[in-house]
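Chemist: Okay, here's the prediction I keep looking at, along with the sequence it came from:
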Amino acid sequence: MEYLSIFVKGIFVENMIFAYFLGMCSYLAVSKTVKTANGLGLAVIFVLGITVPINYLLENYVLKEGALAWLSPSFSEVELSFLSFIMFIAVIASMVQLVEMIVEKFAPALYGALGIFLPLIAVNCSILGGALFMQERQYPTIAEATVFGLGSGVGWWLAIVAIAAIREKIRYSNVPAPLRGLGITYIITGLMGIAFMSFMGIEI
């Protein structure tokens, strides 16, 4: 039940886009078509699902005060938490490179459609945000941290696919000229964010 709660909260209550507005650059740039939005969203799920548990292990067995006690009792007072940002970003960058290689190998058309935004997952603040939220919330097990990462990824995927579907439809709508493009996208994103706020009252 705890895993379900973390997963559902990651998707709806603590959605990276609509609750924290993290990863907005990729969200706005790649959401012109559902196909590219879906591809990037799945890549984000994979990266969050892999990097959050890896960073959990780094946090609890390398970086925290006393985390190195498993090496030797003499390391029990060593604290390397000041390296958190560097280590988290290094893990994220290496996983994004792996995703980029996989997509280029097995889906070259999607790789071409995503363009520069696929390697830019490495600087997508929702990915680093997932690692930092994991660190802040101090999940007791790696399983809970993994579920949180997957839930956050699914929430980000849901947000970008939803806005992409809406943007495809509003091309045929009579949108006032000054609001076409990013203008109407900002407005719709704000309205979706307000709608997702209704999930905050859910207790699981």
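Modeler: Noted; the coordinates are in hand. On a predicted model such as this, the values are computed, not experimentally measured, just so you know.

Chemist: how about the helices of the chain, start to end?
Modeler: Ranges of helices in the chain, per DSSP state H, are 2-8, 24-29, 34-58, 84-106, 108-114, 125-137, 142-170, 182-196.

Chemist: Give me the angle between the fourth one and helix 125-137.
Modeler: Regarding helix 84-106 and helix 125-137, their directions subtend 140 degrees when assessed with axes from the mean of the first three to the mean of the last three C-alpha atoms, to 10 degrees.

Chemist: Kindly report the same for the longest one.
Modeler: Here helix 142-170 runs at an angle of 150 degrees relative to helix 125-137 (the same axes, to 10 degrees).

Chemist: just checking, what packs against helix 142-170?
Modeler: helix 2-8, helix 24-29, helix 34-58, helix 125-137, helix 182-196 (3 or more C-beta pairs under 8 Å, 6 or more residues apart in numbering; DSSP states H and E). For every residue, glycine as well, the C-beta is placed using N, CA and C.

Chemist: and of the ones you listed, who's closest to residue 72?
Modeler: Residue 72 sits nearest to helix 34-58 of all these, at 18.6 Å, using C-beta to C-beta.

Chemist: Report the distance from the closest one to the chain centre.
Modeler: Taking C-alpha atoms, centre = their mean, to the nearest Å, the mean C-alpha location of helix 34-58 is offset from the chain mean by 6 Å.
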